[in-house]
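> Compute the structure for the input listed below.
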Amino acid sequence: MSLITGDPEQSPRDCSRSRSSSSGKHRRRCRVLIAASSTVASLASLALLWLTLRPSSPRFSLLAATATLDDEASAATIVVDAALIAHNPNAHATALYGQLRASASYAGVPLGAGAPLPALEQPDQGDAVLSALLTSSTSPSWSWRPAPGGRALLRVRIEGQLRWKVASWVSGRHGLTVDCVAAVVPSSAGQTQQQQQQGSSSSPSQCATQVL
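Reported below is the predicted structural model:
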């Protein structure tokens, strides 16, 4: 007995092929839908984690700074030795600092950028100290020299990149800019270490921090 179909030109073998092709397309659609659903679920979980534990910007303070004037050499220079403390206020996020570089000016005299600062991984609610040694690139005019015991304005700037690490997830890179201002009594190159310390900034000063 032969199988009678609605299409007289379609044989039983053709029907079997049609069903097989339809089943294969269905399986491919299912795999695509499962993969898309998994991706959306993962992104939603990360977004929820970020919104729940969204890190606050780190806080910086100028811990100490010493400005040393050497006007007896053939090329007068200003040397600034600055130490900054960084605080990560977050309880569940690690701060990752990279490509850090310091620059400064003292009494309006720009100081050349120092060597790049090392990369830093700062755990949650932890503190870290950054040190920078900066020197004027040109011989300054000494007409601005303050009176004995007088102070001059020191500006220290840190630029770099910041990432956040929450569990095993690491955020993208954010631009980091830190600006610190302090009034510092200058010391001379011939002074003792104790005298130079007396000319340093005596108390930590809060810095302005911007994360882009």
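> Tell me where the chain is predicted with low confidence.
1-24, 26, 40-53, 71-75, 137-149, 189-203 (pLDDT under 70).
> Strands of that one, residue ranges please.
59-70, 77-87, 94-106, 109-111, 120-122, 127-135, 152-166, 169-170, 174-184, 187-188, 205-206, 208-211 (DSSP state E).
> Relative to residue 31, which of the ones you listed is closest?
Closest of those to residue 31 is strand 169-170, at 26.3 Å (criterion: CB to CB). Every residue, glycine included, has its C-beta placed from N, CA and C.
> Give me the sheet partners of that closest one and which way each runs.
According to DSSP bridges, strand 169-170 has the following sheet partners: strand 152-166 (antiparallel).
> just to revisit the earlier point, can you lay out the strands of the chain as TSV showing mean neighbour count?
What follows is the strands of the chain, written out as TSV (neighbours: other CB atoms under 10 Å):
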stretch	mean neighbour count
strand 59-70	20
strand 77-87	20
strand 94-106	19
strand 109-111	21
strand 120-122	16
strand 127-135	17
strand 152-166	20
strand 169-170	12
strand 174-184	18
strand 187-188	16
strand 205-206	14
strand 208-211	14
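> Redo those strands as TSV? Include distance to residue 32.
What follows is those, written out as TSV (distance: least, CB to CB, whole Å):
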stretch	distance to residue 32
strand 59-70	47
strand 77-87	46
strand 94-106	36
strand 109-111	59
strand 120-122	39
strand 127-135	47
strand 152-166	30
strand 169-170	26
strand 174-184	34
strand 187-188	71
strand 205-206	54
strand 208-211	39
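> closest to residue 28 out of those strands?
Ranking the strands of the chain by proximity to residue 28 (CB to CB) places strand 169-170 first, at 31.2 Å.
> sorry, back to before: now for the strands of the chain, which one comes closest to residue 30?
Closest of those to residue 30 is strand 169-170, at 28.9 Å (criterion: CB to CB).
> ok so, going back, right, and the strands of the chain - which one's nearest residue 38?
The closest of the strands of the chain to residue 38 is strand 169-170. By CB to CB, the value is 16.4 Å.
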